[in-house]
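Q: Attaching a predicted model along with its sequence, questions to come.
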Amino acid sequence: PAALTGYAPATLGFSQDKWEISSTELTLMKPLGSGQFGVVRLGKFQGRMLVAVKTMREGSMCEDDFIEEAKTMTKLQHPNLVQLYGVCFKERPIQIVTEYMCNGNMSSYLRSKGRELAEDRSPLVDMCQQVCSGMEYLERSQFIHRDLAARNCLVGEHNIVKVSDFGLSRYVLDDEYTSSTGSKFPIKWASPEVLEFSRFSSKSDIWAFGILMWEVFTLGKTPYPNLNTTDVVRQVTHGKHLDRPQRCPHGVYRIMKQCWEKDPMRRPTFKDLQGQIEDIQEKDY
Ligand SMILES: CN1CCN(C(=O)c2ccc(Nc3nc(-c4cccc(NC(=O)c5ccc(C(C)(C)C)cc5)c4)cn4ccnc34)cc2)CC1
């Protein structure tokens, strides 16, 4: 072997790509909750940096496909994206390590802190602007989120909001989640072309962003509050939209309605939305 011939590779077999994390570098701490893949924990990376660690429940994820994609995902870097630091995959189940966001998901945050936020509308518009900025970066990177919703955005200090779990839905093995007729499929955030043909694109992310804006201005309400799945599908495919939330300015509602154009090509880009939201911020506040 190499060692005997005087040449010993520097890492002596522990060769690690930058995006590979060894479990020896991780200390797991309190659980933060559980999601589609199982428990998520607070952790410490290399003894100092706080991280979030998703440990994949057996059979919940197509792990090999994800490990391949992880290289690309670690390269997606933006102040409004939850940074993927790396993956522990030498032992199974694999563990996904990301930056830690101390205030949890945006949907729960809006329900618990929304009253304070709504005193002055600017924090609500500002949260939409931050999500839009992260999504504009994904759009520019030709990366489709596929499950944008307030529950999949995370909140840090000082109302910092970041988009999380982008693209991960492609690796979920649970048919109840992946099939558009499954009980866990996010029907209320799905555009007509996703409901009918499972056609995901940045334009279906735009539709979901419109729904997310409605979640923000209702302080975390569930969309189509009294409708069951069949009714939602009927409404959406017949071009019926969510009503304007009572605390939502008409200018903001006009943006939401653009996101809900039935024809995907008539919907704005995240770039367009960034400009429109900036104009609202300058005008109203
Ligand atoms: C004052 N409050 C007290 C209570 N509270 C908390 O306990 C709390 C604090 C911080 C939290 N932070 C994080 N929580 C999570 C977290 C927690 C539970 C579940 C999940 N979500 C998932 O596991 C998950 C989400 C989506 C998906 C698909 C593929 C379907 C899109 C698959 C899996 C994430 C991930 N994070 C990544 C970075 N930071 C966090 C989560 C919770 C929030 C603050």
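A: Yes, it's here.
Q: alpha carbons only for contacts and neighbour counts from here, please
A: Fine.
Q: who touches stretch 170-179?
A: 36-37, 59-63, 65-66, 169, 182-186 (C-alpha atoms under 8 Å, 6 or more residues apart in numbering).
Q: give the contact list for the residue in the stretch 151-285 of the chain that the ligand sits nearest to.
A: Ranked by C-alpha to the nearest ligand atom, the top residue of the stretch 151-285 of the chain for proximity to the ligand is residue 169, at 4.0 Å. Taking C-alpha under 8 Å, 6+ apart, we find residue 169 in contact with 146-147, 178.
Q: about what we covered before: could you tell me which of the contacts of stretch 170-179 belong to helices?
A: The helices, defined by DSSP state H, take in 63, 65-66 from the contacts of stretch 170-179.
Q: among those, which ones are buried?
A: Applying 16 or more other C-alpha atoms under 10 Å to the ones in helices among the contacts of stretch 170-179, the neighbour count classes 63, 66 as buried.
Q: which SSE is residue 57 in?
A: Assigned by DSSP states H and E, residue 57 belongs to no helix or strand.
Q: Who are the contact partners of it?
A: Residue 57 makes contacts with 37-39, 93, as judged by C-alpha under 8 Å, 6+ apart.
Q: From residue 77, how far out is residue 137?
A: Here residue 137 is placed at a distance of 9 Å from residue 77 (C-alpha to C-alpha, to the nearest Å).
Q: typed the wrong thing, it's residue 233
A: 35 Å.
Q: okay, these two: which has more neighbours?
A: The neighbour count for residue 233 versus residue 77, taken as other C-alpha atoms under 10 Å, is higher for residue 233 (20 against 14).
Q: C-terminal to whichever helix or strand the more buried one is part of, which secondary structure element comes first?
A: Element membership for residue 233, per DSSP H and E: helix 229-237. Once the chain leaves helix 229-237, the next helix or strand it forms, by DSSP H and E, is helix 250-259.
Q: Now that next one: buried residues?
A: Buried residues in helix 250-259, counted by 16+ other C-alpha under 10 Å: 252-253, 255-259.
Q: Quick check: bridge partners of the nearest residue to residue 84 once chain neighbours are set aside?
A: Leaving out its chain neighbours, the residue that sits closest to residue 84 by C-alpha to C-alpha, 6 or more residues apart in numbering is residue 98, at 4.4 Å. Counting by DSSP bridges, residue 98 is bridged to residue 52, residue 84.
Q: Would you check how far apart residue 98 and the ligand are?
A: Per C-alpha to the nearest ligand atom, to the nearest Å, residue 98 is found 6 Å from the ligand.
Q: correct me, but that residue touches residue 81?
A: No - if you go by C-alpha atoms under 8 Å, residue 98 and residue 81 don't touch, sitting 10.3 Å apart.
Q: Packing partners of whatever helix or strand residue 126 lives in?
A: Residue 126 belongs to helix 122-140 when elements are defined using DSSP H and E. For helix 122-140, the packing partners by 3 or more C-alpha pairs under 8 Å, 6 or more residues apart in numbering; DSSP states H and E come out as helix 106-119, strand 161-163, helix 202-217, helix 270-284.
Q: Rounded mean pLDDT for it, please.
A: Helix 122-140 comes out with an average pLDDT of 97.
Q: and what of stretch 272-280?
A: Averaging pLDDT along stretch 272-280 gives 97.
Q: all numbers from here: first residue = 258
A: With the count now opening at 258, the last piece we talked about shows up as stretch 529-537.
Q: What are the buried residues along the helix or strand harbouring residue 290?
A: If you go by DSSP H and E, residue 290 is part of strand 283-292. Across strand 283-292, burial judged by 16+ other C-alpha under 10 Å covers 283-285, 289.
Q: I appreciate the help and will end here.
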